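> show me the folded form of this:
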Amino acid sequence: MALLINCDLGESFGSWKMGLDEAVFPHINQANIACGFHAGDPQIMMHTLKLAKQYGVTVGAHPAYPDLVGFGRRSMNCSETEIIAMVLYQISALDGLANSQGITMEYVKPHGALYNDMMAKPQVRLAIMKSISQFHRPVKLMLQATQDFKQHEKEAADLGIELLFEAFADRCYADDGKLLSRTLEGAVHTKEKMLAQVKQLNEQGTITSVSGNTLHVKADSLCVHGDNLDGVNAIAEIKKLIS
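Below is the predicted model:
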């Protein structure tokens, strides 16, 4: 099955604009829409949903820690009960707005620090999975494709939920299959390396780590970023590569 393309969208807030959403939508399959905790507001959410409907793009919720000032990039020491409630609150808001437009929210992809904590801390991942299992209808959870995917599948199956695995187009991978820290040189690929990584992943199902090791990656979707015009142009090229 061909790789899908997903992108974080709807991250403007009030009069503050983030990203080039209108330019991105023609090139993607899945829109991860901010739910108001790290970015986005009711009007932005509604506008983004209308764009998704216009372009036939699948809608996913993009919940985060309650951190507008830090754009959701700061980890918070939340209890399981708090995580379940905050995730359910956010995805329910997007689900309700989507229903008003006659479209369906199909998956959940946590944002920023909540996503990183989900991948690094089993207790956070369990809380997020529990929140999705408690939603009023089935939706999928999107998380990073790593060498631990079988364990993640088992965790999800135990709670009766399905997973979507994603890989990253523009990020360098460490030898353990996780993303190389942004604090290290080479963590974000140049355009040439990004396109080469996408081509390798699409054709062979593998990526090359920072040390040159070949890693098999089980991925359903490819995460891209459209924060600037160069990024949007790169997404268009990626779409051609994997079509």
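> the helix or strand of the chain with the lowest mean pLDDT packs against which elements?
For the chain, counting by mean pLDDT, DSSP states H and E, helix 229-242 ranks last in confidence among helices and strands (a mean of 87). Judged by 3 or more C-beta pairs under 8 Å, 6 or more residues apart in numbering; DSSP states H and E, helix 229-242 is in contact with strand 4-9, helix 21-24, helix 191-204, strand 221-224. Yep, even glycine has a C-beta here, placed from its N, CA and C like the rest.
> so who does the residue positioned nearest the centre of the chain touch?
Taking C-alpha atoms, centre = their mean, the centroid of the chain lies closest to K109, which sits 4.7 Å from it. K109 is in contact with N6, D8, N32, G60, A61, H62, Y115, L141, M142, L143, L164, E166, counting by C-beta atoms under 8 Å, 6 or more residues apart in numbering.
> coming back round to it: could I get the helices and strands packed on helix 229-242 in JSON lines, plus columns for distance to E237, mean pLDDT and mean neighbour count?
Formatted as JSON lines, those follow (distance: least, C-beta to C-beta, whole Å; pLDDT from 0 to 100; neighbours: other C-beta atoms under 10 Å):
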{"stretch": "strand 4-9", "distance to E237": "11", "mean pLDDT": "96", "mean neighbour count": "24"}
{"stretch": "helix 21-24", "distance to E237": "13", "mean pLDDT": "91", "mean neighbour count": "20"}
{"stretch": "helix 191-204", "distance to E237": "6", "mean pLDDT": "92", "mean neighbour count": "16"}
{"stretch": "strand 221-224", "distance to E237": "10", "mean pLDDT": "94", "mean neighbour count": "24"}
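> show me where the chain has its strands.
4-9, 30-34, 58-62, 105-108, 140-144, 163-168, 206-208, 214-216, 221-224 (DSSP state E).
> mind putting the helices and strands packed on helix 229-242 in a markdown table, distance to L215 included?
A markdown table is the format used below for these (distance: least, C-beta to C-beta, whole Å):
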| stretch | distance to L215 |
| --- | --- |
| strand 4-9 | 20 |
| helix 21-24 | 28 |
| helix 191-204 | 10 |
| strand 221-224 | 15 |
